[in-house]
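Visitor: Need a 3D model of the following:
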Amino acid sequence: MTEVTINVSEELAELVDKKVEEKVTKIFKEQGRTLKYPPFMRLKDAARYMQVSRSTFDNIRKRANIPIINIEGIVLIDKKDLDEFILSHSEKGVE
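Guide: Predicted coordinates:
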């Protein structure tokens with residue numbers, strides 16, 4: 001393997017370091033949001049995951065027919081179903 005050395009100004013090196021740090025911080029924050037929610041959530045946690053009120057979540061869930069899991073009265077939502085729902089509503093841009 002050949003080693004290549006590139007000399008850059010200290011200013012450019014600092015700028016690159018800052019941009020990398022910003023990007024890594026953003027990724028960790030996003031991952032932290034998704035990692036703190038379990039794969040199956042109660043309805044109140046699912047609403048919090050989607051960052052909407054419980055009543056808004058209930059309306060969305062019913063209209064979109066997002067499936068629920070009912071185990072002896074304990075109602076759960078699969079996080080994968082919420083992620084699919086959210087992604088299905090992404091827009092590519094404004095026309």
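Visitor: buried ones in the one helix or strand Leu12 maps to?
Guide: Assigned by DSSP states H and E, Leu12 belongs to helix 10-35. Buried residues in helix 10-35, defined by neighbour count with 16 or more other Cβ atoms under 10 Å: none. Where you see a C-beta, it was placed from the backbone N, CA and C, and this is true even at glycine.
Visitor: any idea of the mean pLDDT in it?
Guide: The average pLDDT within helix 10-35 is 76.
Visitor: Kindly report the same for stretch 68-83.
Guide: Rounded mean pLDDT across stretch 68-83 is 94.
Visitor: what does that stretch contact?
Guide: 37-43, 46, 49-50, 61, 66-67 (Cβ atoms under 8 Å, 6 or more residues apart in numbering).
Visitor: Show me which parts of it are buried, residue by residue.
Guide: Those would be 76-79, 81-82, for stretch 68-83 by 16+ other Cβ under 10 Å.
Visitor: Top of the contacts of stretch 68-83 by number of neighbours, please.
Guide: Ala46 (26 neighbours; other Cβ atoms under 10 Å).
Visitor: which strands and helices sit next to whatever helix or strand that residue lives in?
Guide: Ala46 belongs to helix 43-50 when assigned by DSSP H and E. Judged by 3 or more Cβ pairs under 8 Å, 6 or more residues apart in numbering; DSSP states H and E, the packing partners of helix 43-50 are helix 54-64, strand 74-78, helix 79-88.
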